[in-house]
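Student: Show me how the following folds:
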Amino acid sequence: MKTVYDFTVKKTNGQEQSLRDYEGKPMLIVNTASKCGLTPQFKGLQELYDQYQEKGLEILGFPCGQFNDQEFNDIEETTQFCQMNYGVSFPMFAKIDVNGAQADPLFAFLKEQKGGLLTKDIKWNFTKFLVDRNGQVVKRYAPTTEPSKIEKDIENLL
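Tutor: The predicted model follows:
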């Protein structure tokens, strides 16, 4: 059975990273944007990371500009913005597409595992996927779901 560990993603410096590096850890995988009305969710995501990282939680952020081009073109600008404004210390990766023909294979897999209400496509920035210690997608959260509302589900996986 395929898991998220079967995927490789691009780091902000362009190098490949296997998600096997996170094997055995619950993950929250999020498509992010720096210029969106939901951007303040970075604060809540960082709070979850601060609280649960020592217990094994990993949060992986994937910048995406597919929704009204709400992400910087320069990944350095993205990472600086996230660090300066929200203190983001969880891993951020290269800018990707989450829908369409150029969708990142990881996000194609995530959507296949947990579709949305009417479609499998991601409807907006800050769609979140919770992954268990075995690399299985256990839940998908709407963009408007505040990170604090996910806390109980994370605790159940820890």
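
Student: Dump stretch 143-157 to CSV, keeping only the CA atoms.
Tutor: Extracted in CSV, the C-alpha atoms of stretch 143-157 (Å, rounded to 0.1, in the frame of the first residue of the first chain):
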residue,chain,number,x,y,z
PRO,A,143,-9.0,25.9,4.5
THR,A,144,-11.1,27.8,7.1
THR,A,145,-10.4,25.2,9.8
GLU,A,146,-8.3,26.9,12.4
PRO,A,147,-5.2,24.9,13.4
SER,A,148,-6.4,24.9,17.1
LYS,A,149,-9.4,22.9,16.0
ILE,A,150,-7.1,20.1,14.8
GLU,A,151,-5.3,19.8,18.2
LYS,A,152,-7.4,16.9,19.5
ASP,A,153,-6.9,14.9,16.3
ILE,A,154,-3.2,15.4,16.6
GLU,A,155,-3.1,14.4,20.2
ASN,A,156,-4.9,11.1,19.3
LEU,A,157,-2.0,10.3,16.9
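
Student: List the buried residues in that stretch.
Tutor: For stretch 143-157, the buried set under the neighbour-count rule, 16 or more other C-beta atoms under 10 Å, comprises Pro143, Thr145, Pro147, Ile150, Ile154, Leu157. In short, each C-beta sits where N, CA and C put it, glycine included.

Student: Now the second one: phi and psi?
Tutor: It refers to Thr145. Thr145 adopts backbone torsions of phi -70, psi 120, taken as degrees, to the nearest 10.

Student: Roughly how far does the residue sitting nearest the centre point of the chain sit from Ala101?
Tutor: Central residue of the chain (C-alpha atoms, centre = their mean): Val30, 1.9 Å from the mean position. Applying C-beta to C-beta, to the nearest Å, the value for Val30 to Ala101 is 22 Å.

Student: quick revisit: could you dump the buried residues of stretch 143-157 to a markdown table with pLDDT and secondary structure?
Tutor: Shown next, in a markdown table, are the buried residues of stretch 143-157 (pLDDT from 0 to 100; DSSP: H, G, I helix; E, B strand; the rest coil):
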| residue | pLDDT | secondary structure |
| --- | --- | --- |
| Pro143 | 95 | coil |
| Thr145 | 96 | coil |
| Pro147 | 97 | helix |
| Ile150 | 96 | helix |
| Ile154 | 97 | helix |
| Leu157 | 95 | helix |
